[in-house]
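sharing a model that was predicted from the sequence below.
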Amino acid sequence: MKVALIQMNSLADKAANLAQARRLIEEACARERPDWIGLPEVFDFLGGTREEKFAASEILREGPAYALAAELAEKHGVFIHAGSLLEKNAGGDSLSNTTVVFDRKGKEIAVYRKIHMFDVVTPDGAAYRESALFTPGTELATYSAEGFTFGCAICYDLRFPALFQALSARGVDVIALPAAFTLLTGKDHWDVLCRARAIETQSYFLAPAQIGAHRIKDETRHTFGHSLVCDPWGHVVAKASDAPGFVTARLDRALIEKTRAANPVASQRKPFA
């Protein structure tokens, strides 16, 4: 199975972001003919004010970001793991950070809402308060694609190994984690955490990410990028450069089986209270 990870520099301009996503998906399909495509977190809108985020959000299954992913999945006959988009919740007073996945016919096959909220003050003093705007999800999500079982996670979920152990217990072979990791934390933690999650679950780890600058109100912030693919042994087998674009890799079921046979940790895991 061939996968393509789309790396974007989304901004507070939904139309431009969707045009960028379309262009990169079309280019990846023309040049690489992948079976599966992953977009980054909040590919539809990144930055802006609270009011602008609400204005850019969409009711699930009714907006242009959802329609774009479904259209291109059907047009190119590929699975599209549509990163995450801003979903307007019932009542309209909060949002969800929501992944939607489409099969080769453009049919929705999975929905996942980010569970862990990024409520952090980073060492440079920048404050992030996702819970002030977003309602956390509560349910894990998996889906099947070409005989592989995929598990869903988003960005800050990466720091919570229990989520990945729960996905492992559900028999996942591949984990997809769209992200918009900060530059400051990404340079020290991104690779090592992605590799750790691949190693501990003995799964492929696919992490399409945002790259570059965006504006939050009057402040410029930077995302780390470095979209990457880890194999089940924890090797980084593909990584994007420091610009919007895409990177591809092939998933090998035999390598998953070989890795799990060499270190049968799933059968040796002990429960703890």
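Everything's here; your move.

so what pLDDT did the spatially most central residue of the chain get?
For the chain, the residue nearest the mean C-alpha position is residue 178 (1.4 Å; C-alpha atoms, centre = their mean). Looking at residue 178, its pLDDT is 98.

what do you get for residue 231?
Reported pLDDT for residue 231: 98.

list the contacts of the residue nearest to the centre of the chain.
Under the criterion of C-beta atoms under 8 Å, 6 or more residues apart in numbering, the neighbours of residue 178 are 38-41, 43, 81, 83-84, 99, 154-155, 207-209. Every residue, glycine included, has its C-beta placed from N, CA and C.

quickly note the distance from it to residue 8.
10 Å (C-beta to C-beta, to the nearest Å).

same question for residue 211.
For residue 211 relative to residue 8 (C-beta to C-beta), the value is 7 Å.

need the residues touching each of these two.
What both residue 211 and residue 8 touch, as defined by C-beta under 8 Å, 6+ apart, is the set residue 244.

of the two, who's got more company?
Between residue 211 and residue 8, counted using other C-beta atoms under 10 Å, the more crowded position is residue 8 (29 against 25).

residue contacts, the more buried one?
Per C-beta under 8 Å, 6+ apart, neighbours of residue 8: 17, 20, 21, 24, 39, 40, 43, 210, 211, 244.

counting neighbours, what do you get for the third one?
With neighbours defined by other C-beta under 10 Å, the count for residue 21 comes to 26.

with the second one instead?
Neighbourhood size, residue 20 [other C-beta under 10 Å]: 18.

what is the strand or helix carrying it packed up against?
Here residue 20, judged by DSSP states H and E, is contained in helix 14-32. Packed against helix 14-32, as judged by 3 or more C-beta pairs under 8 Å, 6 or more residues apart in numbering; DSSP states H and E, are the following elements: strand 2-7, strand 36-38, helix 64-76, strand 245-250.

can you state the direction angle for the last one and helix 14-32?
With axes from the mean of the first three to the mean of the last three C-alpha atoms, to 10 degrees defining the directions, strand 245-250 sits at 40 degrees from helix 14-32.

in strand 245-250, what counts as buried?
By neighbour count with 16 or more other C-beta atoms under 10 Å, strand 245-250 contains the buried residues 245, 246, 247, 248, 249.

how about the first one?
Residues of strand 2-7 classed as buried: 3, 4, 5, 6, 7 (neighbour count, 16+ other C-beta under 10 Å).

which residue packs closest to the second one, ignoring adjacent ones?
So that's residue 4. Excluding the flanking residues, the one nearest residue 4 by C-beta to C-beta, 6 or more residues apart in numbering is residue 34, at 3.9 Å.

list phi and psi for that neighbour.
With angles defined as degrees, to the nearest 10, residue 34 sits at phi -80, psi 160.

rewinding a little: for the helix holding residue 20, list the C-alpha coordinates in PDB.
Extracted as PDB, the C-alpha positions of helix 14-32 are listed here (Å, rounded to 0.1, in the frame of the first residue of the first chain):
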ATOM      1  CA  LYS A  14     -10.300  28.900   4.100                       C
ATOM      2  CA  ALA A  15     -10.600  29.300   0.400                       C
ATOM      3  CA  ALA A  16      -6.900  29.500  -0.100                       C
ATOM      4  CA  ASN A  17      -6.300  26.600   2.200                       C
ATOM      5  CA  LEU A  18      -8.700  24.400   0.300                       C
ATOM      6  CA  ALA A  19      -7.100  25.400  -3.000                       C
ATOM      7  CA  GLN A  20      -3.700  24.500  -1.600                       C
ATOM      8  CA  ALA A  21      -5.000  21.100  -0.400                       C
ATOM      9  CA  ARG A  22      -6.600  20.500  -3.800                       C
ATOM     10  CA  ARG A  23      -3.400  21.400  -5.700                       C
ATOM     11  CA  LEU A  24      -1.200  19.200  -3.500                       C
ATOM     12  CA  ILE A  25      -3.500  16.200  -3.600                       C
ATOM     13  CA  GLU A  26      -3.800  16.500  -7.400                       C
ATOM     14  CA  GLU A  27      -0.100  16.700  -7.700                       C
ATOM     15  CA  ALA A  28       0.500  13.700  -5.500                       C
ATOM     16  CA  CYS A  29      -2.000  11.600  -7.400                       C
ATOM     17  CA  ALA A  30      -0.500  12.600 -10.700                       C
ATOM     18  CA  ARG A  31       3.100  12.000  -9.800                       C
ATOM     19  CA  GLU A  32       2.900   9.100  -7.200                       C
END
